[in-house]
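> need a structure here:
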Amino acid sequence: MIFCRFFILVGQVSISLVNDEEIQRLNHNYRNVDKPTDVLSFSFRDHDDPTSSVSHNAVSSNANLSDEHENEIQDLGDLYLGMPYIRARCLKTGFRLTDELAVLTVHGFSHLLGYDHEKSTEDFKRMYLFEFNILRQFDRITRRNTIAVKESTLDC
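Model (predicted):
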């Protein structure tokens, strides 16, 4: 018997695919880093604890989501993906663009939820585990290997 527990998150995220100039401009303006990057996240929420930053409900697969509160749409924020930067990394590593995009979208989404790998080693571990669990489930469903892409980022 298999038990499945998952979270349903009701929210919206804007994802923009941008060129090197735009991602560098954003990176410079908001992070004071004057170079292109792969993904930038701009959350519309204040975060102290990523596990409480967004209204999400643990539900079983047969749950009834009729409560009005559970269906509120929250604007979580914006993700910007630097496509030339990502494509260049794919050429260097040999990973598929679609797998790289899946990993970076999960990573950016994690930031929108309040995870921050740059605060401390403990926060890095929490964020990595959160992303790893999502990607593991994604890989199981799609028969992809995004975990290999994620693990390759540890060398960066």
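
> so what's residue 74 scoring on pLDDT?
Looking at residue 74, its pLDDT is 83.

> OK, contacts around the closest residue to it other than its chain neighbours?
Leaving aside its chain neighbours, residue 74 sits nearest to residue 11 (4.2 Å; criterion: C-beta to C-beta, 6 or more residues apart in numbering). Every C-beta, even on glycine, is put in place using the N, C-alpha and C of the backbone. With contact taken as C-beta atoms under 8 Å, 6 or more residues apart in numbering, residue 11 is in contact with 54, 73-76.

> by neighbour count, which of those wins?
residue 76 (22 neighbours; other C-beta atoms under 10 Å).

> run through who's touching the strand or helix carrying that one.
Using DSSP states H and E, residue 76 maps to strand 74-82. Here strand 74-82 makes contact (C-beta under 8 Å, 6+ apart) with 10-20, 22-24, 26, 36-45, 54-55, 101, 104-105, 108-109, 112-113.

> partners of it, with directions?
Applying DSSP bridges, strand 74-82 is found paired with strand 11-18 (parallel), strand 39-43 (antiparallel).

> weakest of those by average pLDDT?
Comparing mean pLDDT across the strands paired with strand 74-82, the weakest is strand 11-18, with a mean of 92.

> right, and the helix or strand after that strand?
helix 20-31.

> put the alpha carbons of that following helix into CSV.
C-alpha atoms of helix 20-31 as CSV (Å, rounded to 0.1, in the frame of the first residue of the first chain):
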residue,chain,number,x,y,z
ASP,A,20,21.9,38.3,-20.6
GLU,A,21,21.5,42.1,-20.6
GLU,A,22,18.3,42.0,-18.7
ILE,A,23,19.3,39.4,-16.2
GLN,A,24,22.6,41.3,-15.6
ARG,A,25,20.7,44.6,-15.2
LEU,A,26,18.4,43.0,-12.6
ASN,A,27,21.3,41.3,-10.9
HIS,A,28,23.2,44.6,-10.7
ASN,A,29,20.2,46.6,-9.5
TYR,A,30,18.9,44.3,-6.8
ARG,A,31,22.0,42.2,-5.7
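
> start at 16 instead
Sure, I'll start numbering at 16, so the last one becomes helix 35-46.

> and it, what does it pack against?
strand 54-58, strand 89-97, helix 98-108 (3 or more C-beta pairs under 8 Å, 6 or more residues apart in numbering; DSSP states H and E).

> quick one: distance of the second one to the chain centre.
The one in question is strand 89-97. The chain centre lies 9 Å from the centre of strand 89-97; the measure is C-alpha atoms, centre = their mean, to the nearest Å.
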